[in-house]
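S.K.: I need the structure of the sequence given here:
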Amino acid sequence: MTTPSNIDPATIQAYRETHFCVESAPPITLQVGQKNEALAALHRDEGVVSSAFITAWNPYSRRCSDEDNAKRQEALSHELRQLGLKFVDGLGQHPTDHWGEPSLLVLGISLEAAMALGERYEQNAIVWCGAEAVPELVLLR
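M.R.: Have a look, this model is predicted:
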């Protein structure tokens with residue numbers, strides 16, 4: 001989705017280039033704008049029509065300590081369990097950078113709920129995967 005944003009264009013471009021790796025069996029790598037048949041199969045297997053790739057790391061792209069980030073990610077995991085949502089661990093990593101952000105692929109979540117979570121955990125964006133299994137970058141600010 002393209003909307004006006006307060007996010008630096010270079011950051012948005014980096015998000016578009018990032019590989020969103022889902023630690024399923026077998027692993028799945030999502031890329032914005034590219035239909036993913038393995039994701040479509042995971043959706044079918046789990047009985048869902050959508051998912052979202054979300055992290056709680058580094059609010060608004062400000063680097064935090066690993067300890068703070070781990071606490072934020074655990075809070076997100078806890079909230080998802082409280083909501084009864086199933087999720088799979090993942091990692092968002094730019095192909096030219098060895099550093100990545102632990103993330104979660106949340107299965108069966110609505111776009112509105114995914115955006116609300118991203119906003120609550122102070123993220124610039126989430127990756128939304130609808131019924132077509134084409135990951136979309138959704139900017140939140």
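S.K.: count of neighbours near residue 92?
M.R.: Residue 92 has 19 neighbours, counted by other CB atoms under 10 Å. Every residue, glycine included, has its C-beta placed from N, CA and C.
S.K.: and it, what does it touch?
M.R.: Contact analysis of residue 92 by CB atoms under 8 Å, 6 or more residues apart in numbering lists 18, 19, 20, 21, 53, 55, 100, 101, 103.
S.K.: mind running it again at 7 Å?
M.R.: Contact analysis of residue 92 by CB atoms under 7 Å, 6 or more residues apart in numbering lists 18, 20, 53, 55, 100, 101, 103.
S.K.: thought the fifth one was touching residue 69?
M.R.: No: in terms of CB atoms under 7 Å, residue 100 does not count as a neighbour of residue 69; the distance is 11.6 Å.
S.K.: now the element after the lowest-mean-pLDDT helix or strand in the chain, going C-ward?
M.R.: Here the helix or strand of the chain ranked lowest by mean pLDDT, DSSP states H and E is helix 9-17, holding a mean of 92. Counting by DSSP states H and E, the element after helix 9-17 in chain order, helix or strand, is strand 19-22.
S.K.: pull up the pairing partners for that following strand, direction included.
M.R.: Within its sheet, strand 19-22 is paired with strand 28-30 (antiparallel), strand 87-93 (antiparallel), according to DSSP bridges.
S.K.: mind listing what's buried along it?
M.R.: Residues of strand 19-22 classed as buried by neighbour count (16 or more other CB atoms under 10 Å): 20, 21, 22.
S.K.: now tabulate the contacts of residue 92 in CSV and tack on distance to residue 111 and pLDDT.
M.R.: Converted to CSV, the contacts of residue 92 look like this (distance: CB to CB, whole Å; pLDDT from 0 to 100):
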residue, distance to residue 111, pLDDT
18, 19, 95
20, 16, 97
53, 13, 98
55, 17, 98
100, 24, 86
101, 21, 93
103, 17, 98
